[in-house]
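Undergrad: Turn this into a model:
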Amino acid sequence: LVSGILVNRQLKGYQRNRFVAFLAPETDIQGAAYHVHQSQIAIGSGGLFGKGLFAGTQYQLGFLPERHTDFVYSVVGEEMGFLGTTGILGLYLLLIWRIVAAARLARDRYGYLVCCGLASMLGFQLALNVGMCVGLMPVAGIPLPLISYGGSSLVITLWALGIVANIYSRRYALL
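TA: Predicted structure coming up:
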């Protein structure tokens with residue numbers, strides 16, 4: 001009880017609104033829960049095959065805020081449907097599986113730990129962004145790696161993949 005009171009005093013107003021919107025989104029659909037509500041509408045309206053590229057109404061008419069960064073998964077869900085989003089998730093899981101395979105082949109423990117850390121970083125970003133778009137996680141502002149618009153996220157992700165490629169290329173011990 002005391003820790004709840006202390007945490008409540010430390011939260012700013014917008015943080016409190018995001019938390020309330022996550023716990024009870026139906027209370028403020030036009031306010032703090034607007035992003036998640038429109039995201040769920042976009043993903044649901046995509047159906048199995050989607051509406052087609054650049055034919056999504058939520059995206060084209062501007063109902064979905066932050067559609068190029070945080071909620072790009074919702075745009076994919078609306079325009080490419082369930083099959084498109086499943087394909088995207090499959091490609092991410094393949095990428096994470098290849099990073100873990102590179103970790104297993106690393107010649108030293110440091111390379112193994114670096115690869116595992118980068119795989120967990122990518123997996124965490126993926127889970128948080130997708131969970132945020134479907135309403136299972138609170139809105140945190142984490143972009144979808146390699147797909148969302150954002151220079152710094154793209155640079156860091158490509159840098160991390162370059163480190164994994166370097167560890168994989170040096171997998172055999174020098175004699």
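Undergrad: helices or strands next to the top helix by length along the chain in the packing?
TA: Scanning the chain for the longest helix, with DSSP state H as the assignment, gives helix 72-104. Here helix 72-104 is seen to pack against helix 34-46, helix 57-60, helix 109-134, helix 151-169 when contacts are counted using 3 or more CB pairs under 8 Å, 6 or more residues apart in numbering; DSSP states H and E. Where you see a C-beta, it was placed from the backbone N, CA and C, and this is true even at glycine.
Undergrad: Tell me which of those helices is the most buried.
TA: Between the helices and strands packed on helix 72-104, helix 34-46 has the highest mean count of neighbours, a mean of 21, where neighbours are mean count of other CB atoms under 10 Å.
Undergrad: and that helix, what's its mean pLDDT?
TA: Taken as a whole, helix 34-46 carries a mean pLDDT of 85.
Undergrad: quick check: angle from it to helix 109-134?
TA: 80 degrees (axes from the mean of the first three to the mean of the last three CA atoms, to 10 degrees).
Undergrad: how near is the residue nearest the centre of the chain to Ala55?
TA: Residue closest to the average C-alpha location in the chain (CA atoms, centre = their mean): Asn129, at 2.5 Å. Distance, Asn129 to Ala55, using CB to CB, to the nearest Å: 23 Å.
Undergrad: Of all the helices and strands packed on helix 72-104, which one comes closest to Ala102?
TA: Ranking the helices and strands packed on helix 72-104 by proximity to Ala102 (CB to CB) places helix 151-169 first, at 4.0 Å.
Undergrad: low-scoring stretches of this structure, by residue?
TA: 1, 173-175 (pLDDT under 70).
Undergrad: can we see that at 80?
TA: Scanning the chain for pLDDT under 80 picks out 1-9, 11, 13-33, 59-69, 150, 172-175.
Undergrad: Arg9: neighbour count?
TA: A count of nearby residues for Arg9, using other CB atoms under 10 Å, gives 7.
Undergrad: Next one: it relative to Ala21, how far apart?
TA: In this view, Arg9 and Ala21 are 20 Å apart by CB to CB.
Undergrad: next one: Phe54
TA: Between Phe54 and Ala21 the computed distance is 30 Å (CB to CB).
Undergrad: So for these two, which sits in the more crowded spot?
TA: Neighbour totals were compared for Phe54 and Ala21, and Ala21 leads with 23 against 9 (other CB under 10 Å).
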